[in-house]
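A.B. asks: With the input below, show me the fold.
(chains A and B)
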Number of protein chains: 2
Amino acid sequence: MLNRSAKEKMQSDQTKKRKGPADPDRFNRQIEFILEADKLKRTLRKTILMDRSRRENSAEHSWHIALTVLVFSEYAEDKDIDLCRVMKMLLIHDLVEIDAGDTYCYDDEGRKDQGLREAKAAERIFNLLPADQTRAFRELWDEFEARVTPESRFANALDRIQPFLYNYYTDGQIWQENNIKSRQVKSRMKPVKDGSTILWNYVSSLIEDSVQKGFLAK
Amino acid sequence: MLNRSAKEKMQSDQTKKRKGPADPDRFNRQIEFILEADKLKRTLRKTILMDRSRRENSAEHSWHIALTVLVFSEYAEDKDIDLCRVMKMLLIHDLVEIDAGDTYCYDDEGRKDQGLREAKAAERIFNLLPADQTRAFRELWDEFEARVTPESRFANALDRIQPFLYNYYTDGQIWQENNIKSRQVKSRMKPVKDGSTILWNYVSSLIEDSVQKGFLAK
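C.D. replies: Prediction:
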């Protein structure tokens, strides 16, 4: 039987032999990125929660729309899309807001340099990762932004429909506070059409209903 | 050329012919579920954000760990796992907390009836969905909870490692406030071992370091 000090020595040797990540620098970069991502929880959007208690942040918004993929997948325009890639895009699409902040979709002034601010942010934030992951994340973000592939079109549709639903179900509070007109909402919602005809038709009917109910100015 | 009223009539006819969801009851259930999910943003965890400004909520935590799948996938114990299913599990794993609340992992009293409270919550919340989706979500949640499949083991590893990292990088503030001992953290972290030897070894070394630095009581 081993005595106490021998046991301790063995444990210490085991500790030294612990298999760590093959590339510690790579691992450290990954940890740094994960900790950096935490900051997205402090990026506030215009949208308010359903109980109107506070503004939504971009991290929880990203969760909500990634979850919506699982619920609404049957309404995607293209039935053969890779839903996993849609989820990935939605999980990372707002990370640039850590630096660039959330730009309100009806803030014409803020939107002028939005592209530039977000591209700069993508450069910094995705480069925290090891090079192969920087490329992979950047490709997903570029794909989302370009709205060309069926996956990115569906992802964009969900990204737009979620705040729209919130506006509708909170009686258009934020629309009214910002004096938003129905033609602005229609224009903002157009990408929904490319991602899902069914969801677009639903949005169109709710826009009409919002005008009728006075949630949204004509 | 059509006159104004004819145009209006055509538009009105087009509105009537809009293709809506094939099954409106199904669609309404899906919308209700999506709106209900919003409540998870109001479930507060013990964990604090990295800047210590406030407690984290379960929705943003779910986003963070689903994102971590994309970063840490190479450390999964089983190399052939379905990462898409890991993400799905993580996106839905905390929905039960809408009813059951977050139970602090070191709250032995609260954990006594946690299983019961969460099973009841799963019953209500997943049943908001159409039957086929109720089954699919419930299966994912059961799989996550059982920690038997390689996918669920990796998912659980990430679910445990994220708050652990936060504790470590905020100098153990929440551990100290709750008088947590290193053996409790070790025990809580054990499922990390099943999901990823490399991440487990990393966690083990940070536990030792936390004790040395005084973040965590021996």
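A.B. asks: Can you name the next helix or strand after the lowest-mean-pLDDT helix or strand in chain A?
C.D. replies: Considering only helices and strands, the least confidently modelled element of chain A by mean pLDDT, DSSP states H and E is helix A:4-17, at a mean of 48. Secondary structure here is assigned by DSSP states H and E; on that basis, the next helix or strand after helix A:4-17 toward the C-terminus is helix A:24-37.
A.B. asks: Buried ones in that following helix, by neighbour count?
C.D. replies: If you call a residue buried by 16 or more other CB atoms under 10 Å in any protein chain shown, then helix A:24-37 has these buried ones: A:Arg26, A:Phe27, A:Arg29, A:Gln30, A:Ile31, A:Phe33, A:Ile34, A:Glu36, A:Ala37. For the C-beta atoms, the positions are set from N, CA and C on the backbone; glycine is no exception.
A.B. asks: quick one: the lengthiest strand in chain A to chain centroid distance?
C.D. replies: Among the elements of type strand in chain A, defined by DSSP state E, the one spanning the most residues is strand A:44-48. Taking CA atoms, centre = their mean, to the nearest Å, one finds the center of strand A:44-48 at 13 Å from the center of the full chain.
A.B. asks: mind listing what A:Ile207 touches?
C.D. replies: With contact set as CB atoms under 8 Å, 6 or more residues apart in numbering or on different chains, A:Ile207 has these partners: A:Ser182, A:Val185, A:Lys186, A:Met189, A:Leu216.
A.B. asks: Repeat the analysis, applying 10 Å as the threshold.
C.D. replies: By CB atoms under 10 Å, 6 or more residues apart in numbering or on different chains, the contact set of A:Ile207 is A:Phe164, A:Tyr168, A:Ser182, A:Arg183, A:Val185, A:Lys186, A:Met189, A:Phe215, A:Leu216.
A.B. asks: Likewise for A:Ala76?
C.D. replies: Neighbour list for A:Ala76: A:69, A:83, A:86, A:150-151, A:153-155, A:157-158, A:195-196, A:198-199 [criterion: CB under 10 Å, 6+ apart].
A.B. asks: What mean pLDDT does stretch A:26-42 get?
C.D. replies: Confidence over stretch A:26-42 (mean pLDDT, whole number) is 98.
A.B. asks: cool, and stretch A:64-71?
C.D. replies: 98.
A.B. asks: A:Leu180 against A:Leu216, yeah?
C.D. replies: Not Leu; residue A:180 is Ile. Yes: here A:Ile180 reaches A:Leu216: they are 6.7 Å apart, a contact under CB atoms under 10 Å.
A.B. asks: who touches both of these two?
C.D. replies: Between them, A:Ile180 and A:Leu216 share the contacting residues A:Asn167, A:Gly172, judged by CB under 10 Å, 6+ apart.
A.B. asks: Neighbour count for these two, which is higher?
C.D. replies: When A:Ile180 and A:Leu216 are compared for neighbours, A:Leu216 comes out ahead with 25 against 20, by other CB atoms under 10 Å in any protein chain shown.
A.B. asks: What sits closest to that one if chain neighbours are left out?
C.D. replies: Spatially, and ignoring its direct neighbours in sequence, A:Leu216 is nearest to A:Ser210 (4.0 Å; CB to CB, 6 or more residues apart in numbering or on different chains).
A.B. asks: Okay, strands next: where are they in chain A?
C.D. replies: Under the criterion DSSP E, chain A carries strands at the ranges A:44-48, A:55-57.
A.B. asks: wait, which of the ones you listed is closest to chain B?
C.D. replies: Closest approach to chain B among those (CB to the nearest CB): strand A:55-57, 6.7 Å.
A.B. asks: Residue ranges in chain A under the pLDDT threshold?
C.D. replies: Counting by pLDDT under 70, chain A contains low-confidence ranges at A:1-17.
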